[in-house]
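>>> show me the folded form of this:
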Amino acid sequence: MTFLKRFLLTGALLGALPGAAQTSAAAPSFQTAQDIDAWKEKNRNWNRWGPEDQLGAVNLITPAKRKEAAKLVREGVSVSLAHPLETQKAEDVPSPLGHRMLFTGESPESQYTADALSLEFHGFTHTHLDALCHVFDHGKMYNGYPQSLVTAKGCAKLAVSALKDGILTRGVLIDIPALQGVAYLEPGTPIHAKDLEAWEKKTKVRVSSGDAVIIRTGRWARRAAVGPWDVSQHSAGLHASTADWFKKRGVALIATDVGLDVLPSGVKDDPFPTHVMVINALGISVLDNADTEALVQAAAERKRYDFLLSIAPLRVEGGTGSPVNPIATF
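From the prediction side, this is the model:
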């Protein structure tokens, strides 16, 4: 066989193989807002669970999934993933918790205590769960509901009260700083699907349908080491391209110790693409500002990176989200 014939035959065979050059060429680039819009148009989960659906990817947490997750409880040891509610203003705390004592024990006549709390929980400070009505995209919410359904009275659809029965499923910790051999990621560091898969390979724990994935950037460890900074402008986090990975794996909830997106996003004309892709297009629940430091220690001690995760949002009718105290149980 001549060299030319061998060359042509080899090229033809390579072109026919799965994963060959034409597959990578078809992969989305996620570099511009137009790239993101094209991906959303092709991958939306709208109507996947019916036109009236208000749970989104939480539908993937089936009764069988809950029973499977419950079997992960072997020691009965629980760990909170909530960061203490911040009460003082700082660069990353524009709206601290308002805590006012109504009755104290300072008076001898006192028979009980009482206090009042006020909290603006959305943003980059407090541990909270976003409702699916939290994000608009081109005038629509998840499942195609018009954004006009959110009024001064609250969210008529997709409110956090749709999750009144709570979220109980398998949680999987992905510790990117540990993967890279550092204490924490520097602000602006993007996390890609290859990083998530490298952690799976390292721990031999694979993310599966209905899972809640908890991703650590080390934000709170960095804050303890160097002090607060404006996380809303400069933060490690998920690159927009990871949304494709989360859809393929059937993830029900994503929790991070930041605000989900890497900032700056790296996507032209789209500052928060991951938030929109995950919540609005895929209906995946998002938990922001989780504190994963105690969880990391508990998981490392046991060399176990999956566990039972339970989240019980406040039953706020019409609410756009809720402060939460997620609990991991080993």
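>>> what are the contacting residues of stretch 57-75?
45, 49, 53, 163, 167-171, 209-210, 250-253, 282-285, 302, 306-309, 329-330 (C-beta atoms under 8 Å, 6 or more residues apart in numbering). Where you see a C-beta, it was placed from the backbone N, CA and C, and this is true even at glycine.
>>> buried only: go through the residues you listed for me.
Neighbour-count burial (16 or more other C-beta atoms under 10 Å) applied to the contacts of stretch 57-75 gives 45, 49, 53, 163, 167-171, 210, 251-253, 282-285, 306-309, 329-330.
>>> re earlier: so of the contacts of stretch 57-75, which ones are in helices?
Arg302 (DSSP state H).
>>> show me where the stretch 101-250 of the chain has helices.
Using DSSP state H, counting those that start in this stretch, the helices of the stretch 101-250 of the chain run over 176-180, 193-203, 219-226, 242-249.
>>> return the most buried member of those helices.
helix 242-249 (a mean of 20; mean count of other C-beta atoms under 10 Å).
>>> give me the helices and strands touching that one, please.
If contacts are counted by 3 or more C-beta pairs under 8 Å, 6 or more residues apart in numbering; DSSP states H and E, helix 242-249 sits against helix 33-43, helix 193-203, helix 273-275.
>>> wait, Asp261 touches Met277, no?
No. Using C-beta atoms under 8 Å, Asp261 is not in contact with Met277, being 9.7 Å away.
>>> overlap in contacts of these two?
Common neighbours of Asp261 and Met277, using C-beta under 8 Å, 6+ apart, are Ala240.
>>> neighbour count winner among these two?
Met277 (30 against 27; other C-beta atoms under 10 Å).
>>> now do the contacts for the more buried one.
Here Met277 is in contact with Ile36, Trp39, Lys40, Ala240, Ala243 (C-beta under 8 Å, 6+ apart).
>>> nearest to Phe124 among those residues?
Nearest to Phe124 out of the contacts of Met277 is Ala240 (C-beta to C-beta; 18.2 Å).
>>> just give the number of residues close to the closest one.
Neighbours around Ala240, by other C-beta under 10 Å: 27.
>>> settle this for me: it is touching Phe30, isn't it.
Yes. Counting by C-beta under 8 Å, Ala240 touches Phe30, with 4.7 Å between them.
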